[in-house]
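Student: sequence first, predicted coordinates after that:
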Amino acid sequence: MAVADSVIRLLDGAITGESLSDESFNEPLLEYPQYTEPYDYEGEKVPDILYSGNHEAIAKWRRLQALKLTKKYRPDLFAQLELSKQDLKLLKEDEEGIRPKWEKDALEKGKKFIK
């Protein structure tokens, strides 16, 4: 199965360009945490932002998580990153413990989806 997947990925059109751009190791950055159902499993909950329905906010949250994990566990990779202005802003807000407006807005609008 793994061999078939590897070969099929090489065929034009088998995977969309968007999917490929989100692959691991397209840049020196660890992947963000992955979650699945149920929402609450033995006291561990899926972050509410992932239930907000706001794709832009979810992408920012995922980027921040990836940056934080890379900085913590792979400082060698983090040093290779060319951080954008948004990356720097996300990290600064997080380090200062600030809940950014985009997150507050997404959570407020997405309350109906959050269990």
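Tutor: Right, received. Where do you want to start?
Student: looking at it, residue 110 is touching residue 55, isn't it?
Tutor: No - the pair residue 110 / residue 55 is not scored as a contact, 10.9 Å apart, by Cβ atoms under 8 Å. Bear in mind the C-beta positions are built from the backbone N, C-alpha and C, glycine included.
Student: name the helices or strands packed onto the host helix or strand of residue 105?
Tutor: Using DSSP states H and E, residue 105 sits in helix 101-109. With contacts defined as 3 or more Cβ pairs under 8 Å, 6 or more residues apart in numbering; DSSP states H and E, the packing partners of helix 101-109 are helix 55-73.
Student: quick one: mean pLDDT for the helix or strand following the helix it packs on?
Tutor: With elements assigned by DSSP H and E, the helix or strand that comes after helix 55-73 is helix 75-80. In this model, helix 75-80 has a mean pLDDT of 95.
Student: ok, then the element right after helix 75-80?
Tutor: Using DSSP H and E, the helix or strand that directly follows helix 75-80 along the chain is helix 85-95.
Student: would you mind measuring the gap between the ends of stretch 80-88?
Tutor: Taking Cα to Cα, to the nearest Å, the first and last residues of stretch 80-88 lie 14 Å apart.
Student: show me what counts as buried in it.
Tutor: By neighbour count, and taking 16 or more other Cβ atoms under 10 Å as the criterion, the buried residues in stretch 80-88 are residue 87.
Student: now tell me what touches it from outside.
Tutor: With Cβ atoms under 8 Å, 6 or more residues apart in numbering as the contact definition, stretch 80-88 has outside contacts at 27, 28, 29, 60, 63, 67, 70, 91.
Student: let me have those in CSV, extended by distance to residue 11.
Tutor: Converted to CSV, the contacts of stretch 80-88 look like this (distance: Cβ to Cβ, whole Å):
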residue, distance to residue 11
27, 24
28, 27
29, 26
60, 32
63, 29
67, 33
70, 31
91, 38
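Student: which two of those residues have the greatest separation?
Tutor: The largest separation in the contacts of stretch 80-88, counting by Cβ to Cβ, is between 28 and 60 at 19.5 Å.
Student: tell me which of those two has more neighbours.
Tutor: Taking other Cβ atoms under 10 Å, residue 28 and residue 60 do not tie; residue 60 has more neighbours (19 against 14).
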